[in-house]
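Colleague: Test case, fold it:
(one chain, ligands or ions: 4)
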Amino acid sequence: MDATGDRILVLDFGSQTTQLIARRIRELHVYSEIRPCTIGLEEIKAFSPKGIVLSGGPASVYDQEAPRVERALFDLGVPVLGICYGMQLMTYLLGGQVERSLKREYGPANLKVLDNSDLFHGLSLERPYRVWMSHGDRIEKMPPGFVCLAESENSPVAAMKDKTGRLFGVQFHPEVAHTEIGKDILANFVFKICGCQPTWTMASFIEEAVARISQTVGPEEKVICALSGGVDSSVTALLVHRAVGERLVCIFVNNGLLRKGEAETVLDFFRHSHLNVRYVDASDLFLSRLAGVTDPEEKRRIIGHTFIEVFEAEAQKIGEVKYLAQGTLYPDIIESVSFRGPSATIKSHHNVGGLPERMKLKLIEPLKELFKDEVRELGQELGMPYELIWRQPFPGPGLAIRIIGEVTRDRLAILREADAIVTEEMKASGWYYKVWQSFAVLLPIRTVGVMGDERTYEHVVALRVVDSLDAMTADWTRLPYDLLARLSGRIINEVQGVNRVVFDISSKPPATIEWE
Ligand SMILES: Nc1ncnc2c1ncn2[C@@H]1O[C@H](COP(=O)(O)OP(=O)(O)OP(=O)(O)O)[C@@H](O)[C@H]1O
Ligand SMILES: O=c1[nH]c(=O)c2[nH+]cn([C@@H]3O[C@H](COP(=O)(O)O)[C@@H](O)[C@H]3O)c2[nH]1
Ligand SMILES: NC(=O)CC[C@H](N)C(=O)O
Ligand SMILES: [Mg+2]
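Modeller: Ligands and ions are numbered 1, 2, ... in the order given. Alright, predicted model coming up:
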């Protein structure tokens, strides 16, 4: 680990915007990581943070089940910033009073700063600032020794600090873009209060990650890396290669769910790299396991397990392999698990929630704190080619989660053709690199058509094209009608078995990007 690097720890109490806190801090060039609020004091100390942020969360501090931290956290001598629920928890644990407010605040509120000496340094006492609130509880009485730093109409204590100047709380969310002074507040906390230096960059991330992998793996052990040809796993492979050199073997699995020509393209690409890549054609195995399965989560579970089985079998052949490196990113994790249990699982990403409980290989996931755009920045830093860095994401479960209903060879063949046309036309029109993802989905229904005076009764293909920054939210892309017409015309004319094309106009939320 980089000994000089200052780090901020974010403890997650289940807020929808926790990930943004860490991100905003990294944008200030200070390294930040998120951990569940359930980790103990020892783990917190081992992280040696220069500051700790307590996130918001859905609970109320007086709930029976409310997530808490040990009171001793506030005596570590490390500055703490509580945000929303985090502030309420700080109040509760240090002897103040939190109450359900009659007037709840959701959305924008006007904040009046009363003291601009530290957290609000550089901000005006004269004008109100627009901040974003999302709470039903509020601070009725601050803990002994605290003073109020800012107020809003419905929160008499919208920000507070203790007399040592180490503990701070804000009722609003500085991490969201709608809080105009959010970045100033986080910068004041990180630099003025915690005393961090803005030294963290993607280059230092590479250095740290490589050092950490070397340390974990040691001088002898071998590592396999699950390589898909996507940017996440390619960056992972390069990092691991820097750390262990020739002791890395990359495994590229053909799970029978890849796109047209994908296996050839990926292999061809890596043939020219210094990575040692093994190709495993496991399509029969995957497709036989998926036979008759229609439930999306069941598909994902089967694919996750089969991947691991294939990796373990390859590891056996290579011999003495202890570690499996994967390109898991932060969004893969939050959608798959929630700290409160399975209730909020949206979908099990094959590389996270889909993993078997008893897995022999130990995981190395150097990117698991990052978002896609951060990984792309890393790719740039590592000198990867443009087409690889900007390749659209393609999920590990592949076409299986784009065929609604049972996955069969026939249906795969139809979807592969339709998908190839989508990619070709998106590239030809210059739209491919402008959008987050663009792909075809095969629906499990047939509709009536008329072709050459004959009645047809055939499949429907849905087009899904979305814009997104980090896959957490997305909107459907307003593609030009002419392009949509070309896509529809070509798919219906060229793909046997399809007589209708529809365009998906749902945003995420409430829909998701993939259909399963
Ligand atoms: N066909 C495959 N063979 C080997 N490993 C795979 C395959 N598909 C997915 N994986 C593993 O699962 C991880 C997650 O897949 P995911 O699609 O999120 O990432 P990616 O393929 O690296 O990048 P991208 O999101 O750009 O497609 C990959 O990083 C890789 O480690
Ligand atoms: O590697 C992956 N394994 C998976 O199981 C998986 N499921 C979704 N995705 C990709 O994640 C992003 C968000 O997708 P959703 O809005 O459908 O959840 C989108 O970019 C999806 O393509 C996956 N990637
Ligand atoms: N956004 C939050 O952290 C909300 C905290 C708490 N549940 C409230 O409603 O006040
Ligand atoms: Mg992929």
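Colleague: Return the residues of the protein in contact with ligand 4.
Modeller: Counting by CB under 5 Å from the ion, the residues of the chain close to ligand 4 are 228, 230, 394. For every residue, glycine as well, the C-beta is placed using N, CA and C.
Colleague: Which of these ranks first by neighbour count?
Modeller: Neighbour counts for these (other CB atoms under 10 Å) peak at residue 228, which has 26 neighbours.
Colleague: Could you find the closest non-adjacent residue to it?
Modeller: For residue 228, ignoring the flanking residues on the chain, the nearest one in space by CB to CB, 6 or more residues apart in numbering is residue 396 at 6.5 Å.
Colleague: wait, that neighbour sits on residue 348?
Modeller: No - Residue 396 is beyond contact range of residue 348, at 11.1 Å (criterion: CB atoms under 8 Å).
Colleague: residue boundaries of the helices in the stretch 401-516 of the chain?
Modeller: Shown for the stretch 401-516 of the chain, the helices assigned by DSSP state H, counting those that start in this stretch span residues 409-428, 481-494.
Colleague: want to throw the ones you listed into JSON lines with mean neighbour count, mean pLDDT and distance to residue 145?
Modeller: Below are the helices of the stretch 401-516 of the chain laid out as JSON lines (neighbours: other CB atoms under 10 Å; pLDDT from 0 to 100; distance: least, CB to CB, whole Å):
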{"stretch": "helix 409-428", "mean neighbour count": "18", "mean pLDDT": "98", "distance to residue 145": "60"}
{"stretch": "helix 481-494", "mean neighbour count": "15", "mean pLDDT": "98", "distance to residue 145": "63"}
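Colleague: what's the closest of these to ligand 3?
Modeller: Comparison of the helices of the stretch 401-516 of the chain against ligand 3 by CB to the nearest ligand atom identifies helix 409-428 as nearest, at 38.7 Å.
Colleague: contacting residues for residue 382?
Modeller: Residues in contact with residue 382 (CB atoms under 8 Å, 6 or more residues apart in numbering) are 206, 235, 238, 239.
Colleague: Could you say which helix or strand holds the first one?
Modeller: Under the criterion DSSP states H and E, the helix or strand holding residue 206 is helix 202-217.
Colleague: Not counting its own residues, what contacts that helix?
Modeller: By CB under 8 Å, 6+ apart, the residues outside helix 202-217 that reach it are 1-2, 5, 31, 223, 239-240, 242-244, 247, 322-323, 325, 364, 366, 374, 377-378, 380-382.
Colleague: Could you pick out the buried ones from those?
Modeller: By neighbour count, with 16 or more other CB atoms under 10 Å, those hold 2, 5, 31, 223, 239-240, 242-244, 247, 322-323, 325, 364, 366, 374, 377-378, 382 as buried.
Colleague: Just those residues: which are in strands?
Modeller: The members of those that map onto strands under DSSP state E are 31, 223, 322, 323, 325, 364.
Colleague: my guess is the second one meets residue 245, correct?
Modeller: No - contact criterion CB under 8 Å: residue 223 and residue 245 do not qualify, at 10.2 Å.
Colleague: Please tell me how far whatever residue of the stretch 401-516 of the chain ends up closest to ligand 4 sits from residue 476.
Modeller: Nearest residue of the stretch 401-516 of the chain to ligand 4, counting by CB to the ion: residue 437, 10.8 Å away. Distance, residue 437 to residue 476, using CB to CB, to the nearest Å: 11 Å.
Colleague: any common contacting residues for the two?
Modeller: Both residue 437 and residue 476 are contacted by 464, 465, 466, under the criterion CB under 8 Å, 6+ apart.
Colleague: Can you tell me which of the residues you listed is nearest residue 253?
Modeller: Checking these against residue 253 by CB to CB gives residue 464 as the nearest, at 24.3 Å.
Colleague: Now do the same contact list for that closest one.
Modeller: With contact set as CB under 8 Å, 6+ apart, residue 464 has these partners: 437, 438, 439, 440, 441, 476, 504, 513, 514, 515.
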